[in-house]
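S.K.: next input, structure requested:
(2 chains)
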Amino acid sequence: MRRVAAALRGLATLVIPRAVEAVVVVWLVATVVFLAMRLLPGDPAVLVLGEQADAAALARLRVRLHLDEPLYMQYARFLRGLATLDLGESLRRPGVTAARRVGDAFVPTAALGGIAVALAAVGGVGLALLSEGPWLGARRRWVDRVVTAVAGVPLLSFAPLLTYALAAKLRIVALPGDPDAGLSGLFFASGLLAVPLGAQLARLGRAALADVGRAQFLTVARAKGRGPAAVWILHALPVAGGPILTVIATQLGALLGGAVVLERLFERAGLGSLVLEAYASRDLPVLEAAVIASAALFVLTQTAASILHAAFDPRVRA
Amino acid sequence: MSPVSGRLLRLVPLAILVIASTIVRATSGASPSRLVPERAFAAPGRAHWLGCGEGGIDLATFLAHAELGSLALAGVVSVLALVVGAPLGAGAALARGLPERVIGRACDLLQAFPSFLLAVTVLSTVRAPTRVHLGVVFMLTAWVPFARLALAETRVLRGAAFIEAAKALGLGPPAILFRHVLPHVARVSAVQLGASGAALVVGEAALAFVGFGTGDGVSVGALLDMGVLSMLRAPHVLAIASVSVFVTSVSLMTAGRALSRD
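M.R.: Prediction:
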């Protein structure tokens, strides 16, 4: 019984401070978004309806967006909407709430990003093991060189070219924007997104493994007669897991940026295309909801990574 | 080869890029988006050595204008980021305590935060973004790596004997910061200029590619968008745009290494 209580207390000290920080960050981001839309120069109503709009229509829109109320009232309404996940109705698709549109767009982006992270983790860790382990001998330096070169190529310059070569010219893979492409299209898009993340992971994973590689417990494992595969994968890799997890967490922002570029490239539905569409048509409630939801998603995954890291690695907790 | 001339060699790709763009821009004379419909999507040839794009715009002229614009933006923003970020990080580390923790945590958060979302939030409040708007958006996060480096470097420096000596001589914190700490820190932070510049060039192109570009539409990202839409009809547009993003980013990174000591 006492042990259960101690474990629960341990879990609470792990989770609660990080959860509180996550909530504070989401609130800060939401407040910045709220203030940016209202305080920066430029009348939102004019942005939505254009400069030639007549005064009556502008006034109606201001009432609809509650822009006629004092700022603190708007903020109270905004916070209540945030808590109840209701940030108003889409201006361009009357009858559909902004939250609903964001929820619909969330699934394809999560699939794209999730598969990309999985592919990058497997590929990056595999390459890190190859370039630090004994299997390739002197040739392992080439792995490192290729990885460094790939890490220097921006997604923006290779993704469209590879799409042209593989999907349009050689027709090896389906175009991910094609409705019939299905899973193979999704995997192609995720694979493109995984390349920069995988290269980063391979580089930092290699550095982390090199660090662990000098540790005494590996010498002990070798002395006990374990083969190189067991030494590197069973003993070294779990210790290097923390830094690898941290790299994934810090690359999530870049991953979201990459997802936006790919959704635009392939004209796939998703959070990125929703933000772009809402921006182009000045659908302010949807834009607000999509930006805050993406930020919340980002903070949530980062917090989860940080909790996992601390749960696995007692050194981080101190 | 002496180490200094070896380092200067790293500036060559960037210099070639700037000089070539300036020459093309000066000699072409025409506006980068001048339309000549009858030569739309013409392949590279003698008259137009990079070929033509949608509506017959001359790709070489367009690219020269776009390159100079994005290099100027990247240069100004990364130098400003150094000027803002380095004193901020160094000052926070000298002050210790709360300022150090706040700046450190802000750096952690902003560095990983999706900059695309920040860009959308700010750009959605203007009708037609200009390069100045883009610069403001990029400045929101560009100072972070410089502040981080300065923070780490000053944590090492603040215990050094010459800082203690300056304190003992009665110098106030601003004098210590500007006269004794920053000259050391600036050298280390400056190495980051190249990487930051490269990230800015790619960031600008990415924003223009997805439709957040400047009102005039002169950007490598816009060219990339044109290339994607016409990839089957005129693959040369896509190839030129992709290669120029890559070349610009790599030459900025290489140029940045001219400032490093190795």
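S.K.: how about the nearest residue to residue 167, chain neighbours excluded?
M.R.: No chain was given, so I picked chain A. Spatial nearest neighbour of A:A167, excluding adjacent residues (CB to CB, 6 or more residues apart in numbering or on different chains): A:L175 at 4.7 Å. (Each C-beta comes from the backbone N, C-alpha and C, glycine too.)
S.K.: wrong chain, I was asking about chain B
M.R.: B:K167 sits nearest to B:I176 (CB to CB, 6+ apart), 6.8 Å away.
S.K.: need the contact list for the one you found.
M.R.: B:94, B:163, B:166-167 (CB atoms under 8 Å, 6 or more residues apart in numbering or on different chains).
S.K.: buried residues in stretch A:253-269?
M.R.: Judged by neighbour count using 16 or more other CB atoms under 10 Å in any protein chain shown, the buried positions of stretch A:253-269 are A:253-266, A:268-269.
S.K.: if we can go back for a sec, from B:R101, how far out is the residue nearest to B:K167?
M.R.: When distance is defined by CB to CB, to the nearest Å, B:I176 is 20 Å away from B:R101.
S.K.: circling back: top of the contacts of B:I176 by neighbour count?
M.R.: Counting neighbours by other CB atoms under 10 Å in any protein chain shown, B:L94 leads the contacts of B:I176 with 21 neighbours.
S.K.: which element follows the helix or strand that residue falls within toward the C-terminus?
M.R.: Assigned by DSSP states H and E, B:L94 belongs to helix B:59-95. Scanning forward in sequence from helix B:59-95 by DSSP H and E, the next helix or strand is helix B:97-112.
S.K.: does chain A have contacts with that next one?
M.R.: Yes - part of helix B:97-112 sits near chain A under the criterion CB under 8 Å from any CB of the partner chain, namely B:109, B:111-112.
S.K.: chain A contacts on the stretch 1-150 of chain B?
M.R.: B:109, B:111-117, B:120-127.
S.K.: out of those, which are inside helices?
M.R.: Among the residues of the stretch 1-150 of chain B next to chain A, the members found in helices (DSSP state H) are B:109, B:111-112, B:115-117, B:120-123.
S.K.: of those residues, just the buried ones, PyMOL syntax please.
M.R.: The PyMOL selection below is limited to those of these classed as buried (16+ other CB under 10 Å):
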select buried, chain B and resi 109+112+115+116+117+120+121+122+123
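S.K.: which of the ones in helices among the residues of the stretch 1-150 of chain B next to chain A scores worst on pLDDT?
M.R.: pLDDT across those is lowest for B:A112, at 74.
S.K.: let me see the contact set for the closest residue to B:E54 other than its chain neighbours.
M.R.: The shortest distance from B:E54 to any residue other than its chain neighbours is 5.2 Å, reached at B:M226 (CB to CB, 6+ apart). Contact analysis of B:M226 by CB under 8 Å, 6+ apart lists B:53-54, B:237, B:241.
S.K.: show me where the stretch 51-200 of chain A has its strands.
M.R.: In the stretch 51-200 of chain A, no strands are defined using DSSP state E, counting those that start in this stretch.
S.K.: close to chain B: what parts of it are there?
M.R.: Within reach of chain B by CB under 8 Å from any CB, the stretch 51-200 of chain A has these residues: A:152-154, A:156-158, A:160-161, A:163-164, A:168-169.
S.K.: could you flag which of those are buried?
M.R.: Applying 16+ other CB under 10 Å to these, the neighbour count classes A:153-154, A:156-158, A:160-161, A:163-164 as buried.
S.K.: could I get those residues as CSV with pLDDT?
M.R.: Converted to CSV, those look like this (pLDDT from 0 to 100):
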residue, pLDDT
A:V153, 89
A:P154, 90
A:L156, 90
A:S157, 89
A:F158, 91
A:P160, 89
A:L161, 89
A:T163, 88
A:Y164, 88
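S.K.: can you list these in a markdown table and add distance to A:V26?
M.R.: A markdown table is the format used below for those (distance: CB to CB, whole Å):
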| residue | distance to A:V26 |
| --- | --- |
| A:V153 | 34 |
| A:P154 | 29 |
| A:L156 | 29 |
| A:S157 | 34 |
| A:F158 | 34 |
| A:P160 | 34 |
| A:L161 | 37 |
| A:T163 | 35 |
| A:Y164 | 39 |
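S.K.: name the helices or strands packed onto the helix holding B:L94?
M.R.: Helices and strands touching helix B:59-95, by 3 or more CB pairs under 8 Å, 6 or more residues apart in numbering or on different chains; DSSP states H and E, are helix B:12-28, helix B:97-112, helix B:131-157, helix B:173-175, helix B:182-190, helix B:192-210, helix B:220-229, helix B:235-256.
S.K.: show me where the stretch 51-200 of chain A has its helices.
M.R.: Counting by DSSP state H, counting those that start in this stretch, the stretch 51-200 of chain A has these helices, from start to end: A:55-64, A:71-83, A:98-132, A:140-151, A:155-162, A:182-213.
S.K.: what of the stretch 201-318 of chain A?
M.R.: Using DSSP H, counting those that start in this stretch, helices in the stretch 201-318 of chain A cover A:216-223, A:228-229, A:237-250, A:252-266, A:271-280, A:284-312, A:314-317.
S.K.: ranking these by burial, who's on top?
M.R.: Highest mean neighbour count of the helices of the stretch 201-318 of chain A: helix A:252-266, a mean of 24 (counted as mean count of other CB atoms under 10 Å in any protein chain shown).
S.K.: how about it, does it reach chain B?
M.R.: Yes - residues of helix A:252-266 contacting chain B under CB under 8 Å from any CB: A:252-254, A:256-257, A:260-261, A:264-265.
S.K.: want to throw the helices of the stretch 201-318 of chain A into TSV with mean pLDDT?
M.R.: Shown next, in TSV, are the helices of the stretch 201-318 of chain A (pLDDT from 0 to 100):
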stretch	mean pLDDT
helix A:216-223	87
helix A:228-229	83
helix A:237-250	82
helix A:252-266	87
helix A:271-280	87
helix A:284-312	84
helix A:314-317	69
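S.K.: could you list the buried residues of the one helix or strand in chain B whose mean pLDDT sits lowest?
M.R.: Ranked by mean pLDDT, DSSP states H and E, the weakest helix or strand in chain B is helix B:3-9, scoring a mean of 78. Neighbour counts over helix B:3-9 (16+ other CB under 10 Å) mark B:R7 as buried.
S.K.: residues contacting it, please?
M.R.: Residues outside helix B:3-9 that contact it (CB under 8 Å, 6+ apart) are B:257-260.
S.K.: so who does B:L110 touch?
M.R.: By CB under 8 Å, 6+ apart, the neighbours of B:L110 are B:140-141, B:144.
S.K.: if you set the cut-off to 7 Å instead, what comes out?
M.R.: By CB atoms under 7 Å, 6 or more residues apart in numbering or on different chains, the residues touching B:L110 are B:141, B:144.
S.K.: and residue 231, what's its pLDDT?
M.R.: Unless you meant another one, I'm taking chain A. pLDDT, A:V231: 85.
S.K.: chain B was what I was after
M.R.: 84.
S.K.: tell me if it really is in a strand.
M.R.: No - B:M231 is assigned coil when assessed by DSSP: H, G, I helix; E, B strand; the rest coil, not a strand.
S.K.: count of residues packed around it?
M.R.: That count, for B:M231 with other CB under 10 Å as the rule, works out to 21.
S.K.: my guess is it meets B:A241, correct?
M.R.: No - when contacts are counted by CB atoms under 7 Å, B:M231 is not listed as touching B:A241 (10.5 Å).
S.K.: how much space separates the residue nearest to B:E54 from B:A234?
M.R.: 9 Å.
S.K.: for A:A311, give me its contacts.
M.R.: Contact analysis of A:A311 by CB under 7 Å, 6+ apart lists A:L14.
S.K.: same check on A:A105?
M.R.: By CB under 7 Å, 6+ apart, A:A105 lies in contact with A:269-271, A:274.
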